[in-house]
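Chemist: what shape does this take:
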Amino acid sequence: MNTEIIIGKNNWLKIKRITQNIAMTLMFLLSLSNVIGFYIWRIHPFGYNRTFNYYRFVAPFGLSTHFILAFVLGFIGLLVSVNLFRYVRSAWIIAMVTQSVLLGLHLLLTGHVFALSTFISLFILIVLGATYKDFKRSSERLSLKRGLIIAAVPIAMALFNTILSMSILSDDYQGAHNAVLSFNDSLKFLFLMDTNLSKYTSEVHLFALSLIIVSWVCIVIAALLVLKPLVYNPFVSSIERKKTYDLVNRFGKNPMDYMTLMSDKHYFFGEMTEGVIAYVMVNNIMVICGDIICAKEDAVTFLSEIRRFAYKNNWKLLFMDITEEFRTAYEDLDFGMIKIGEDACVRLSEFTLSGKPRAKVRANINHAKKNGLVVKEYEPLKQRNQAVEHEINEISQEWFKQKGAEMGFMLGGLALENPLGRRYFYSENADGQMQAFIIFVPYAQGSGYMADVTRRRDAAPNGAMEIIFAQAFEKMAQEGVTWGNIGLCPLANMDKDDKSITTQLFQFVYENLNGVYGFKGLYQAKKKWAPTDWQPRYIAISPKTFGPNFAYAMIKAQNPKGINKMILEKLKIHGEN
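Modeler: Reported below is the predicted structural model:
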């Protein structure tokens with residue numbers, strides 16, 4: 001019985017989705033018909049009688065005054081169509097308004113109660129209205145690049161529409177009759193609203209005014225799309241980052257928590273309790289950096305809020321690089337937990353360079369000292385030093401040439417303009433030239449520091465990096481810091497007894513794709529420090545079945561410039577080596 005109910009429910013959902021797609025497609029076509037209606041009327045592509053029937057049954061507005069409104073609504077319908085197919089709430093609202101107005105135009109101004117367009121508008125309104133709960137996705141925040149690309153669309157549409165209209169109307173005004181002059185007249189008409197350059201007939205003059213209205217609506221939309229990421233988003237993001245910084249300092253336990261303050265992320269704040277997550281979107285997957293940031297007793301409540309928010313937007317959830325801290329909460333809410341590696345951690349109260357386990361580290365440090373290397377801490381909050389910062393940037397540029405583009409999301413940047421609680425340690429030679437540097441970020445209320453950014457010159461002597469780690473750890477130990485975190489070893493120490501397909505896949509990647517990323521080399525480089533703790537790190541996913549979409553989201557989130565570019569850079573670097 002339960003199986004029959006489930007099958008029936010699934011069939012109903014399929015029928016509903018198909019009906020919605022039909023309604024949204026019809027809305028797009030109806031909007032398009034109202035935009036191109038003028039052109040069809042002017043050029044009669046199907047013959048006069050068929051064109052007349054088109055206006056009678058599909059777009060019965062002719063060139064009368066109310067055609068201006070239909071034309072504008074058609075443009076708006078085209079602009080929101082994409083987001084309507086993505087089930088964005090604001091697009092649904094606009095669609096319902098435009099279709100209601102179009103239906104009113106058909107019924108009140110034409111008298112064609114049984115026109116095809118009347119039935120289409122009614123069908124669209126009924127379907128969209130009956131399934132309004134499905135349209136719950138929020139609009140995504142625009143980046144400047146995306147805003148510029150999207151803004152080009154209404155500008156191009158407006159210009160194309162004006163040029164085409166001016167060309168078709170050439171018989172009705174004393175204007176240009178060749179392509180170049182028509183283009184020049186169109187620019188004057190569109191941007192200067194120069195309607196005196198031609199003597200229109202009264203009928204066509206109304207349409208000319210509608211061109212100006214539509215064109216400037218498109219231009220204003222384009223301007224808003226560009227200005228929003230330039231002006232509004234940075235202002236809102238700065239306020240949100242300040243709030244996030246306060247929550248990180250109060251509740252943060254995960255070494256990744258400081259990465260939430262980077263500018264590449266969006267924020268979701270709790271309403272029922274204090275809490276925040278930082279995320280990026282990859283297709284329909286909400287990729288979250290680190291754990292939820294909230295009080296432990298509020299974990300289930302806050303995580304439930306996140307689940308509802310994701311469900312409302314029809315998104316899947318992927319928490320990256322999470323700890324054991326909130327594992328019970330994730331499992332209680334039926335998240336899938338998959339191990340992705342371990343953090344190499346050193347308990348600083350026990351840190352010493354003596355003994356066999358750290359013999360290799362000790363040898364490299366002695367080599368660095370023989371080459372005259374010394375370690376210093378740069379404190380930009382106390383006093384900025386342009387010479388030091390120039391060398392940090394210089395080493396970074398050299399590093400990128402060898403390693404490829406900078407990764408994002410789970411790795412921080414230099415943050416010299418806004419260091420917050422970061423600590424900058426560097427080694428320099430006897431000539432005062434910087435050889436390497438490490439940027440540590442605090443976590444767990446300052447009881448731990450994680451090595452976030454580690455870079456060195458190509459010609460730096462052996463030990464240039466190790467001597468920084470050693471002396472930074474010694475200084476932090478004196479200050480009472482508990483943990484020195486050397487960072488994540490991806491796919492290290494996977495559970496060999498776990499026979500799940502995902503774990504087996506990760507083990508295969510670790511063993512066979514080492515040439516692409518260098519998993520084993522990274523593990524050995526951190527193992528030589530003889531970490532006192534290998535702390536497991538996980539991903540949490542909902543729904544709990546891991547698939548190619550989650551794998552893609554994991555890679556894409558960390559390579560915002562594109563996976564193809566990342567692969568090409570890796571191949572180029574390996575080819576040069």
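Chemist: what's the single longest strand in this protein?
Modeler: strand 336-347 (DSSP state E).
Chemist: what is the next helix or strand after that one packed up against?
Modeler: Scanning forward in sequence from strand 336-347 by DSSP states H and E, the next helix or strand is helix 359-370. Applying 3 or more C-beta pairs under 8 Å, 6 or more residues apart in numbering; DSSP states H and E, we find helix 359-370 packed against helix 466-478. Quick note: C-beta positions are derived from backbone N, CA and C, even for glycine.
Chemist: show me what counts as buried in the helix it packs on.
Modeler: 466-473, 476-477 (16 or more other C-beta atoms under 10 Å).
Chemist: just the residues you listed now: which is nearest residue 549?
Modeler: Nearest to residue 549 among these: residue 469, at 37.8 Å, using C-beta to C-beta.
Chemist: which SSE is the nearest residue to that closest one once chain neighbours are set aside in?
Modeler: Distances taken as C-beta to C-beta, 6 or more residues apart in numbering place residue 438 nearest to residue 469, at 6.8 Å, with adjacent residues excluded. Counting by DSSP H and E, the element that carries residue 438 is strand 434-443.
Chemist: what angle do the helix or strand following that strand and strand 434-443 make?
Modeler: Following strand 434-443 in sequence order, the next helix or strand is strand 448-456 (DSSP H and E). On the basis of axes from the mean of the first three to the mean of the last three C-alpha atoms, to 10 degrees, strand 448-456 is oriented at 160 degrees to strand 434-443.
Chemist: and the buried residues of helix 466-478 as TSV, adding pLDDT and distance to residue 398?
Modeler: Below are those laid out as TSV (pLDDT from 0 to 100; distance: C-beta to C-beta, whole Å):
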residue	pLDDT	distance to residue 398
466	95	19
467	96	19
468	97	17
469	96	20
470	95	23
471	96	23
472	96	22
473	96	26
476	96	28
477	95	31
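Chemist: please identify which of the residues you listed is nearest to residue 270.
Modeler: Closest to residue 270, out of all of the buried residues of helix 466-478 and judged by C-beta to C-beta, is residue 476, at 32.4 Å.
Chemist: list the residues that contact that closest one.
Modeler: For residue 476, the contact set (C-beta atoms under 8 Å, 6 or more residues apart in numbering) comprises 348, 449, 484.
Chemist: would you mind measuring from it to residue 307?
Modeler: 38 Å (C-beta to C-beta, to the nearest Å).
Chemist: same question, residue 126
Modeler: For residue 126, the distance to residue 307 - C-beta to C-beta - is 31 Å.
Chemist: now do the strand holding residue 438 against helix 359-370, angle only.
Modeler: Using the same axes, to 10 degrees: strand 434-443 against helix 359-370 is 130 degrees.
Chemist: thinking again about what came up before, the residue nearest to residue 469: neighbouring residues, count only.
Modeler: 22 (other C-beta atoms under 10 Å).
Chemist: check the one 4 residues further on too.
Modeler: As a burial measure, the neighbour count of residue 442 was computed by other C-beta under 10 Å and equals 21.
Chemist: same thing with the one 5 residues further on?
Modeler: Number of residues near residue 447 (other C-beta under 10 Å) recorded here: 13.
Chemist: so who does it touch?
Modeler: 481-483.
Chemist: and for residue 94?
Modeler: With the criterion set at C-beta under 8 Å, 6+ apart, residue 94 makes contact with 76, 80.
Chemist: tell me what the residue nearest to residue 469 is bridged to.
Modeler: Taking DSSP bridges as the rule, residue 438 bridges to residue 425, residue 454.
Chemist: give me the pLDDT for it.
Modeler: We have a pLDDT of 97 for residue 438.
Chemist: what about it, distance to residue 371?
Modeler: 18 Å.
Chemist: repeat that for residue 120.
Modeler: To residue 371, residue 120 is 79 Å away according to C-beta to C-beta.
Chemist: go ahead and confirm residue 434 touches residue 396.
Modeler: No - between residue 434 and residue 396 there is no contact, the gap being 11.1 Å when judged by C-beta atoms under 8 Å.
Chemist: below-threshold pLDDT in the stretch 301-450 of the chain: ranges please.
Modeler: Low-confidence segments of the stretch 301-450 of the chain (pLDDT under 70): 404-406.
Chemist: the same query, at a cut-off of 90, please.
Modeler: Across the stretch 301-450 of the chain, the ranges flagged by pLDDT under 90 are 308-314, 340-341, 354-358, 399-413, 418.
Chemist: and the spatially closest residue to residue 336 that is not a sequence neighbour, how far is that from residue 550?
Modeler: Taking C-beta to C-beta, 6+ apart, and ignoring the residues beside it in sequence, residue 336 has residue 544 as its nearest neighbour in space, at 3.0 Å. Remark: distance between residue 544 and residue 550 (C-beta to C-beta) = 10 Å.
Chemist: which of these two has more neighbours?
Modeler: The residue with more neighbours, out of residue 544 and residue 550, is residue 550; 21 against 13, by other C-beta under 10 Å.
Chemist: picking up where we left off before, who has more neighbours out of residue 126 and residue 307?
Modeler: Shown here are residue 126 and residue 307; by other C-beta under 10 Å, residue 307 has more neighbours (15 against 12).
Chemist: doesn't residue 459 fall inside a strand?
Modeler: No - under DSSP: H, G, I helix; E, B strand; the rest coil, residue 459 sits outside any strand and is assigned coil.
Chemist: that one: neighbour count?
Modeler: Residues near residue 459, counting by other C-beta under 10 Å, number 9.
Chemist: tell me the phi and psi of it?
Modeler: When read as degrees, to the nearest 10, the backbone of residue 459 gives phi -90, psi 10.
Chemist: got a pLDDT number for it?
Modeler: Reported pLDDT for residue 459: 91.
Chemist: ditto for residue 235
Modeler: Residue 235 is assigned 54 on the pLDDT scale.
Chemist: equivalent analysis for residue 28, please.
Modeler: pLDDT, residue 28: 88.
Chemist: for residue 192, same thing?
Modeler: 55.
Chemist: same check on the one 5 residues further on?
Modeler: What the model reports for residue 197 is a pLDDT of 48.
Chemist: more neighbours: which of residue 434 and residue 396?
Modeler: The neighbour count for residue 434 versus residue 396, taken as other C-beta under 10 Å, is higher for residue 434 (22 against 16).
Chemist: skipping its backbone neighbours, what lies nearest the more buried one in space?
Modeler: residue 391 (4.0 Å).
Chemist: how about the one you found, secondary structure?
Modeler: helix.
Chemist: residue contacts, it?
Modeler: 426, 433-434.
Chemist: let me know the closest of those residues to residue 554.
Modeler: residue 426 (31.8 Å).
Chemist: what sits against residue 470?
Modeler: Counting by C-beta under 8 Å, 6+ apart, residue 470 has contacts 353, 361, 365.
Chemist: buried ones from those residues, can you make that a ChimeraX selection?
Modeler: A single ChimeraX command selects the buried members of the contacts of residue 470 (16+ other C-beta under 10 Å):
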select :361,365
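Chemist: return the member of the contacts of residue 470 nearest to residue 461.
Modeler: residue 365 (11.0 Å).
Chemist: tell me how far the closest one lies from residue 424.
Modeler: For residue 365 relative to residue 424 (C-beta to C-beta), the value is 20 Å.
Chemist: same thing with residue 78?
Modeler: 52 Å.
Chemist: of the contacts of residue 470, which is the nearest to residue 34?
Modeler: The closest of those, once distances to residue 34 are taken by C-beta to C-beta, is residue 361, at 72.9 Å.
Chemist: give me the neighbour count for the nearest residue to residue 354 once chain neighbours are set aside.
Modeler: Closest residue in space to residue 354, ignoring its immediate chain neighbours: residue 362 at 7.7 Å, by C-beta to C-beta, 6+ apart. Residue 362: 19 surrounding residues under other C-beta under 10 Å.
Chemist: can you check residue 423 too?
Modeler: 18.
Chemist: and stretch 397-412, end to end?
Modeler: Chord length of stretch 397-412, first to last residue, is 16 Å (C-alpha to C-alpha, to the nearest Å).
Chemist: and residue 296, how close does it get to residue 468?
Modeler: From residue 296 to residue 468 the distance is 34 Å (C-beta to C-beta).
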